[in-house]
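J.: What follows is a predicted protein model with its sequence.
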Amino acid sequence: MRSVLGISLCGLVAAGLFFRPDQLGRVAAGLTAHTICSAVFVSGLDAEETFREHVRTVLGPWARVVRYRVDREAKAVEASFAGLFRARARFTPGYGARLDYPDNEALPATAPVAVAASAPEAEGFAPGTVVSAANPEIAKAIERVFAERAGEPSKRVKAVAIAKDGRLVAERYAPGIGIETPLMGYSVAKSFTNALLGVLVRQGRLAVEQRVGAPEWSAAGDPRGSVTIEDLLRMRSGIDAEERGSGLDPVARMEFAEVDMAGFAARRPHKHPPGQEWEYTSANTLILNRLIGQTIGGGIAGQREFAQRELFAPLGMRGVTLEFDGRGTFVGSTFVYATARDYARFGELYRRDGIAPDGRRILPEGWVEWSRRATLGVAYGAGFWTNDGGGSYAKRRIAGGFPADGFFASGFLGERIYIIPSERLVIVRLGYSDPPDFGIADDIQLIDATVRAAR
């Protein structure tokens with residue numbers, strides 16, 4: 001989701017004509033329980049600070065009527081909205097947090113095997129102390145990214161990491177955050193979906209031009225039956241599943257009030273023929289995640305083991321958590337947690353054209369270029385935002401010093417992985433920032449300073 005859930009009372013009343021009147025309460029309670037459960041038990045963060053900095057940022061004034069309780073013995077969080085709507089999220093080691101529903105598919109009893117100690121490390125990413133910026137201009141730009149300025153939206157930046165030629169050259173963390181702290185990526189997760197799909201395409205098990213074939217679309221004449229994998233990844237499916245962050249939109253309900261997220265998404269009607277209109281919605285990603293999971297096989301454990309073996313281990317990513325819905329579908333639109341260094345390692349895969357540090361090809365040849373190619377004239381590729389294809393935002397980024405070949409994964413509170421192949425740079429920025437730009441202006445200045453300093 002890309003904007004805060006806080007909406008006006010008038011908006012809520014008007015929206016109630018079209019949506020169930022309890023949806024905002026269910027979404028707010030579900031979001032609170034899930035967010036705090038993941039923060040406390042995946043990231044090791046303080047519950048009250050998470051509520052203040054993260055949940056309140058998302059819910060806006062509605063946070064005043066939300067209450068929560070952390071049960072550390074059960075590793076669970078309960079939340080309520082106005083005392084009327086309740087939700088409970090439970091943590092499972094290795095699989096993160098998930099909202100409790102009576103018919104949830106059982107999670108595996110044991111956590112997935114961690115990356116072996118012998119897994120390859122990208123040079124310059126070996127465990128150790130925080131790497132401070134040696135270049136004063138880069139250090140100054142990082143300071144600007146973190147700095148809170150009076151009269152401006154809060155940024156709440158938690159981590160920055162910069163890699164040049166695969167070597168970590170600078171990083172910084174907020175108090176309470178460190179090298180080993182996994183942080184939520186929100187829609188950065190869509191780039192992980194891109195990577196998992198890329199592996200399956202390289203293996204010949206899926207093709208981007210093939211039809212999705214969702215069972216919900218099997219009726220004769222259903223226009224959704226012609227939707228392809230590429231249509232989903234490029235947000236051009238035509239599915240009517242608006243994502244506006246109101247708490248009353250279909251995507252909010254999907255992520256925080258539905259046991260079967262992909263099924264809910266696939267049951268949405270169409271409003272445009274596939275391939276003709278671009279509209280960003282996480283519903284597309286969940287439908288694709290279900291297909292990816294079915295192709296991998298082995299249920300939840302099979303998907304996690306596949307991701308570990310085919311993606312994380314070759315890249316030396318050691319602290320990644322993927323979360324799943326109640327039907328066992330990876331929520332690859334939103335729920336990925338990783339350290340800043342692991343996000344940088346992931347960015348390195350795309351900076352290196354899909355090749356791991358040991359020279360192994362992970363993604364198909366040409367996959368990265370295809371992924372960063374603009375869609376229908378919009379500066380969005382296949383799970384990544386891009387400077388390709390023009391558009392006012394892309395032009396402003398380029399004018400500010402973000403090279404034209406750059407592209408980035410982006411989460412709605414300012415979580416970003418910037419990838420600049422021409423400059424051999426990857427820059428990670430994580431935080432819980434306020435609109436309207438979620439701190440991106442300072443990020444562009446950091447990119448510009450790093451590019452100039454490296455030349």
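T.: Okay, I see it. Numbering: from 1, shown residues only.
J.: and Asp22, what does it touch?
T.: Contact partners of Asp22, counting by Cβ atoms under 8 Å, 6 or more residues apart in numbering, are 84-85. Where C-beta positions appear, they are placed from N, C-alpha and C, glycine not excepted.
J.: And it, how far from Ala29?
T.: 10 Å (Cβ to Cβ, to the nearest Å).
J.: next one: Ala307
T.: Ala307 is 30 Å from Ala29, by Cβ to Cβ.
J.: Same check on Gly275?
T.: Gly275 is 38 Å from Ala29, by Cβ to Cβ.
J.: ok, these two, which is more surrounded?
T.: Ala29 (27 against 17; other Cβ atoms under 10 Å).
J.: And for the closest residue to Arg373 other than its chain neighbours, the neighbour number?
T.: Once flanking residues are discounted, Arg373 sits nearest to Gly381: 5.4 Å by Cβ to Cβ, 6 or more residues apart in numbering. Look at Gly381: counted by other Cβ under 10 Å, it has 24 neighbours.
J.: Who are the contact partners of Gly381?
T.: 234, 370-375, 388, 407.
J.: same deal with Arg304?
T.: So Arg304 contacts 94-95, 108, 112, 322 (Cβ under 8 Å, 6+ apart).
J.: Which of those residues ranks first by neighbour count?
T.: Leu322 leads the contacts of Arg304 on contacts (other Cβ under 10 Å) with 25 neighbours.
J.: right, and that residue touches Val336 too?
T.: Yes. Between Leu322 and Val336 there is a contact under Cβ atoms under 8 Å: 6.0 Å.
J.: okay, and the common contacts of those two?
T.: Phe192.
J.: buried sites along stretch 67-82?
T.: Going by neighbour count (16 or more other Cβ atoms under 10 Å), the buried part of stretch 67-82 is 68, 70, 75-81.
J.: And the pLDDT for Ile427?
T.: On pLDDT, Ile427 comes in at 98.
J.: If any of the contacts of Gly381 are buried, put those into a PyMOL selection.
T.: Listed next is the PyMOL selection for buried residues among the contacts of Gly381, using 16+ other Cβ under 10 Å:
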select buried, resi 234+370+371+372+373+374+375+388+407
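J.: ok, the contacts of Gly381 vs Arg172, which is closest?
T.: Proximity of the contacts of Gly381 to Arg172 (Cβ to Cβ) peaks at Phe407, which lies at 23.4 Å.
J.: Now that closest one, what are its backbone angles?
T.: The phi and psi values for Phe407, taken as degrees, to the nearest 10, are phi -150, psi 170.
J.: Look at it and report its pLDDT.
T.: pLDDT, read off for Phe407, is 98.
J.: I'd like the distance between it and Thr386.
T.: Counting by Cβ to Cβ, the gap from Phe407 to Thr386 is 4 Å.
J.: now do Ala399
T.: Taken as Cβ to Cβ, the span from Ala399 to Thr386 is 16 Å.
J.: the more surrounded of these two?
T.: When Ala399 and Thr386 are compared for neighbours, Thr386 comes out ahead with 24 against 9, by other Cβ under 10 Å.
J.: hang on, isn't the more buried one packed against Arg373?
T.: Yes. Between Thr386 and Arg373 a contact is recorded at 7.2 Å, counting by Cβ under 8 Å.
J.: Dig out what Phe81 forms beta bridges with.
T.: When bridges are called by DSSP bridges, Phe81 pairs up with Val66, Phe85.
J.: who's in contact with it?
T.: Counted by Cβ under 8 Å, 6+ apart, Phe81 has contacts 24-26, 28-29, 32, 62, 65-66.
J.: run the last query once more with 7 Å
T.: By Cβ atoms under 7 Å, 6 or more residues apart in numbering, the residues touching Phe81 are 25, 28-29, 65-66.
J.: about what we covered before: mind listing which of the buried residues of stretch 67-82 are in strands?
T.: 68, 70, 76-81 (DSSP state E).
J.: Same list (those) but as a markdown table, adding distance to Arg352.
T.: Shown next, in a markdown table, are these (distance: Cβ to Cβ, whole Å):
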| residue | distance to Arg352 |
| --- | --- |
| Tyr68 | 42 |
| Val70 | 41 |
| Ala76 | 40 |
| Val77 | 39 |
| Glu78 | 44 |
| Ala79 | 42 |
| Ser80 | 47 |
| Phe81 | 46 |
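J.: hang on, the earlier thing: please identify every residue contacting each of Asp22 and Ala29.
T.: Between them, Asp22 and Ala29 share the contacting residues Phe85, judged by Cβ under 7 Å, 6+ apart.
J.: Can you find the helix or strand in this protein with the smallest mean pLDDT?
T.: helix 9-15 (a mean of 39; mean pLDDT, DSSP states H and E).
J.: The stretch 151-300 of the chain: helices as residue ranges?
T.: Remark: helices assigned in the stretch 151-300 of the chain by DSSP state H, counting those that start in this stretch are 189-202, 229-233, 250-257, 261-266, 282-296, 299-307.
J.: Out of the ones you listed, which gets nearest to Ile419?
T.: helix 189-202 (9.3 Å).
J.: Show me what that closest one is packed against.
T.: The elements that helix 189-202 packs onto, with contact taken as 3 or more Cβ pairs under 7 Å, 6 or more residues apart in numbering; DSSP states H and E, are helix 282-296.
J.: Compute the distance from the centre of the helix it packs on to the centre of its chain.
T.: Centroid displacement of helix 282-296 relative to its chain, using Cα atoms, centre = their mean, to the nearest Å, is 14 Å.
J.: Would you mark the buried spots in that helix?
T.: Quick answer for helix 282-296 (16+ other Cβ under 10 Å): 282-293, 296.
J.: what helices or strands is that helix leaning on?
T.: Looks like helix 282-296 contacts helix 189-202, helix 229-233, helix 250-257, helix 261-266, helix 299-307 (3+ Cβ pairs under 7 Å, 6+ apart).
J.: didn't Arg211 look like it was pressed against Ile229?
T.: No. Using Cβ atoms under 7 Å, Arg211 makes no contact with Ile229, being 8.0 Å away.
J.: Perfect, that will be all.
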